[in-house]
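K.L.:
predicted model, plus sequence, below.
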Amino acid sequence: NVVNSGVITARLGHIQLASGDRATVDLYGDKLMEVAVSDAVKSQLVANTGTLHADGGTVALTAAAGSKIVNSLISAQGTLQAQSVGTKNGEIVIAAAGSNAVAHNTAANKGKKQGSSTVIVQGTLDASGRNAGEQGGHITVTGDNVALLAGTFIDASGSDGKSGTTAGLAKSAVRLGSAGGDIRIGGDYLGQGDTPTALNLYVDPGALILNDALNSGDAGRTIFWSDGTTQFYGN
């Protein structure tokens, strides 16, 4: 179990709260700490009620899945902030590996594990770029069951970018040069690509998700997806 109720700051750096009982440290790459869990672990909790600031960097809450058993909960309250700093866009990742939300979104591997993973968001996820010339960053939330509850505020808005057509781009591609960033809740476009997909997704009427162009250029791309049931009542 990993619980934070304080303040962690890593400007232009990386913050990761990760649950697992086995880990390898990537000393030369940018994947932070690779975490795995054995079937000896029956349940996991990663919870944040505090403040995580990594402007221009990465904030990640992650829970690994065992080879046969999955029972994990990520609770994201408080504030997760990775705002853009100049040309360095921030990124926020909340990822609970599960029986449906499998690595690389490989269809053949879905439904083979017992139990499930759950992600509950009831706080602020801010990867915006609000100063002149800045673009919004990336926000990804994945797990078997994903819920954005009342009080959730997600923002990947950007100040400035380009306007134009997406002709020639795959529908799963982010608009190149747009002011707004990239938000993926429960999966990517039509559940395609490598992003793990949710089985169930709920977005409360009290949830607000923004991906605006604040000054110039195009807004960003926001995807809500589940393979099973999607209940969207948000804003």
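P.N.:
Right, received. Where do you want to start?
K.L.:
can you tell me the SS state at V41?
P.N.:
coil (DSSP: H, G, I helix; E, B strand; the rest coil).
K.L.:
my guess is it contacts D21. True?
P.N.:
Yes. In this structure, V41 is within contact of D21 by CB atoms under 8 Å, at 5.3 Å. C-betas here are computed from N, CA, C, even on glycine.
K.L.:
which of the two has more residues huddled nearby?
P.N.:
V41 (17 against 13; other CB atoms under 10 Å).
K.L.:
any idea how far that one is from N89?
P.N.:
Plainly put, V41 is 34 Å away from N89 if you go by CB to CB, to the nearest Å.
K.L.:
tabulate the CA atom coordinates of stretch 92-107 in PDB.
P.N.:
C-alpha atoms of stretch 92-107 as PDB (Å, rounded to 0.1, in the frame of the first residue of the first chain):
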ATOM      1  CA  ILE A  92      -0.100  12.700 -15.700                       C
ATOM      2  CA  VAL A  93      -0.600   8.900 -15.700                       C
ATOM      3  CA  ILE A  94      -3.000   6.900 -13.500                       C
ATOM      4  CA  ALA A  95      -2.800   3.300 -14.500                       C
ATOM      5  CA  ALA A  96      -4.100   0.200 -12.700                       C
ATOM      6  CA  ALA A  97      -3.200  -2.900 -14.600                       C
ATOM      7  CA  GLY A  98      -6.100  -5.400 -14.600                       C
ATOM      8  CA  SER A  99      -7.900  -8.300 -16.200                       C
ATOM      9  CA  ASN A 100      -9.200  -6.100 -19.000                       C
ATOM     10  CA  ALA A 101      -6.800  -3.200 -18.800                       C
ATOM     11  CA  VAL A 102      -3.800  -5.300 -20.000                       C
ATOM     12  CA  ALA A 103      -0.400  -4.300 -21.200                       C
ATOM     13  CA  HIS A 104      -0.200  -3.100 -24.800                       C
ATOM     14  CA  ASN A 105      -4.000  -3.600 -25.000                       C
ATOM     15  CA  THR A 106      -3.500  -7.100 -26.300                       C
ATOM     16  CA  ALA A 107      -7.000  -8.500 -26.900                       C
END
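K.L.:
who's in contact with I94?
P.N.:
Residues counted as contacts of I94 (CB atoms under 8 Å, 6 or more residues apart in numbering) are 60-62, 74, 76, 80, 119, 121, 125, 140-143.
K.L.:
meant to ask about D21
P.N.:
Counting by CB under 8 Å, 6+ apart, D21 has contacts A36, V37, S38, A40, V41.
K.L.:
the third one: what secondary structure?
P.N.:
Just to be clear, that refers to S38. With three-state DSSP as the basis, S38 sits in coil.
K.L.:
just give me the neighbour total for it.
P.N.:
Neighbours of S38 using other CB under 10 Å come to 13.
K.L.:
Q114 is in contact with S99, correct?
P.N.:
Yes. Look at S99 against Q114 with CB under 8 Å: they come within range, at 7.2 Å.
K.L.:
could you name every residue contacting both of those two?
P.N.:
V70.
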